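Participant: what would the 3D arrangement of this be:
(chains A, B, C and D)
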2 protein chains.
Amino acid sequence: MAAGEESRERILEAAEELLRRFGPEKFRIVDVAQALGMSHGNIYRYFSDKEAILDKIAQRWLAKITGPLQEIVSGRTATAATRLEEWVLALMRLKRRKATADPELFRTYQAIAEASRDVVAEHIRHLIAQLAEIIRNGTEAGEWNVRSPTKAAEAILNATTFFHHPAFVSRPGPQPTEANALDTLKLLIAGLKSGVV
Amino acid sequence: MAAGEESRERILEAAEELLRRFGPEKFRIVDVAQALGMSHGNIYRYFSDKEAILDKIAQRWLAKITGPLQEIVSGRTATAATRLEEWVLALMRLKRRKATADPELFRTYQAIAEASRDVVAEHIRHLIAQLAEIIRNGTEAGEWNVRSPTKAAEAILNATTFFHHPAFVSRPGPQPTEANALDTLKLLIAGLKSGVV
DNA sequence: CAAATGACAAAAATTGACAATTGTCATCAG
DNA sequence: CTGATGACAATTGTCAATTTTTGTCATTTG
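Facilitator: Below you'll find the predicted structure:
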């Protein structure tokens, strides 16, 4: 392990623990230091500031989304259409499950992710890349007729935002159903055949 | 004018003026009363509470969106596909223009609308009804093949949320372009031909 | 009698003094 | 020389006291 990497790791773990326990607004650098039995000044040897710690935690959280989705991208057993549907539904379910199981914690991660704009942008690029791969597969298999898989992937991610974006998933009140998502997906998938993108 | 309607109207006008000037968090019933030279207790003869005033203002604001869109719905000159595209783009532009022209004021209206959940729900039903009409026209004209125009309308409104929802329109940072919206719309419109909904 | 007042209790917002937190850095320990 | 400390100024958060605002209602006005 590279020099200092272990300390970085310990700090992140302690930080995440405190974040889960007390939420983002009561998250204190001094408390992280105390939990580790070190002076708070020392934390700054490993992270430039509080934000850098939160960025890293947000990054790890988002990786727990793209991880499971990658299996759907790589699992080449089903048709591309089925995988695309499954990918979107899985994204929707992953977010929903976390939001329902522990709304407090979900809002915590949502808040820190929202503050880490670059981290989120990278996450979105990753999601688009995954979707683009499924679309490319479908085109190569003759299932669809798509000139620009990346453009199509962006269009589909944008079009399904309502179903999986944390801002909507954590909204109070009635949520859209999977059936709603499938209606939208059916239209989009039919569109992929037609060569418009 | 029905009894008391004039007073209601004057109160709403004064309230909106204060709201525009000082924003939603500094909006005070007592100030509305003072602006009209009446005691604040008298306001409650016309509105059950502060929320009722804000609901009404939100309702009027949202009506300024559906109004212009209705012209696209009713103007039967172009093809349904063109009108559907124009309708979504118009919705996007209306929101964007307001958000860009005066971000502060946009956030004010957004905040009060967000608090008036029933008013927003009604607005969304209205939008769906407008879209459904365009879709019904397209189906009757043989342009598309849609069994349930309302379902299709919902699916399309959901799919374009990212482009016109106030929460996204008022987000800092880069906004999706009209070209992005058109990519999504092309897929959706192609889907309408295929009879999947 | 419809329209308006103003006094009132309860709730909510504001203030300001005080405490805690952040981030830096000169210094220390091994 | 790397890792850690603790004292420090500046910023940010807390909380109880105080003020303002809300919503009601018995009473007044024209």
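
Participant: the residue nearest to the spatial centre of chain A sits in which helix or strand?
Facilitator: Closest residue to the average C-alpha location of chain A: residue A:62 at 3.9 Å, with Cα atoms, centre = their mean. Assigned by DSSP states H and E, residue A:62 belongs to helix A:50-74.

Participant: that helix and DNA strand D, are they touching?
Facilitator: No. Applying Cβ under 7 Å from any atom of the strand, one finds helix A:50-74 separated from DNA strand D by no less than 10.4 Å. C-beta coordinates here come from the backbone N, C-alpha and C atoms, glycine included.

Participant: so what does the helix or strand following that helix touch, helix or strand wise?
Facilitator: Note on helix A:50-74: by DSSP H and E, the next helix or strand toward the C-terminus is helix A:80-101. Packing partners of helix A:80-101 (3 or more Cβ pairs under 8 Å, 6 or more residues apart in numbering or on different chains; DSSP states H and E): helix A:50-74, helix A:103-115, helix A:117-140, helix A:161-164, helix A:166-169, helix A:178-193.

Participant: cutoff 7 Å now
Facilitator: Secondary-structure packing of helix A:80-101 (3 or more Cβ pairs under 7 Å, 6 or more residues apart in numbering or on different chains; DSSP states H and E): helix A:50-74, helix A:117-140, helix A:161-164, helix A:166-169, helix A:178-193.

Participant: wait, which of these is closest to residue B:178?
Facilitator: Between residue B:178 and those, the shortest gap by Cβ to Cβ is with helix A:161-164, which sits at 16.6 Å.

Participant: what about the closest one, near chain B?
Facilitator: Yes. Contact of helix A:161-164 with chain B (Cβ under 7 Å from any Cβ of the partner chain) involves A:161-162.

Participant: so what's residue A:113 up against?
Facilitator: Contact analysis of residue A:113 by Cβ atoms under 7 Å, 6 or more residues apart in numbering or on different chains lists A:58, A:61-62, A:119-120.

Participant: of all the residues you listed, which two lie farthest apart?
Facilitator: Using Cβ to Cβ, the contacts of residue A:113 reach their maximum pairwise distance at A:61 and A:120, which is 10.6 Å.

Participant: which bits of chain A sit near DNA strand D?
Facilitator: Residues of chain A lying close to DNA strand D (Cβ under 7 Å from any atom of the strand) are A:3-4, A:7, A:25-26, A:37-42, A:45.

Participant: in PyMOL, how would I select the buried members of those?
Facilitator: Buried subset of the residues of chain A next to DNA strand D, written as a PyMOL selection, criterion 16 or more other Cβ atoms under 10 Å in any protein chain shown:
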select buried, chain A and resi 7+38
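
Participant: in JSON lines: the residues of chain A next to DNA strand D, plus distance to DNA strand C.
Facilitator: Formatted as JSON lines, the residues of chain A next to DNA strand D follow (distance: Cβ to the nearest atom of the strand, whole Å):
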{"residue": "A:3", "distance to DNA strand C": "13"}
{"residue": "A:4", "distance to DNA strand C": "14"}
{"residue": "A:7", "distance to DNA strand C": "15"}
{"residue": "A:25", "distance to DNA strand C": "10"}
{"residue": "A:26", "distance to DNA strand C": "8"}
{"residue": "A:37", "distance to DNA strand C": "15"}
{"residue": "A:38", "distance to DNA strand C": "12"}
{"residue": "A:39", "distance to DNA strand C": "8"}
{"residue": "A:40", "distance to DNA strand C": "5"}
{"residue": "A:41", "distance to DNA strand C": "3"}
{"residue": "A:42", "distance to DNA strand C": "7"}
{"residue": "A:45", "distance to DNA strand C": "8"}
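
Participant: lowest-confidence one in the residues of chain A next to DNA strand D?
Facilitator: Least confident of the residues of chain A next to DNA strand D in the model: residue A:3, at 65.
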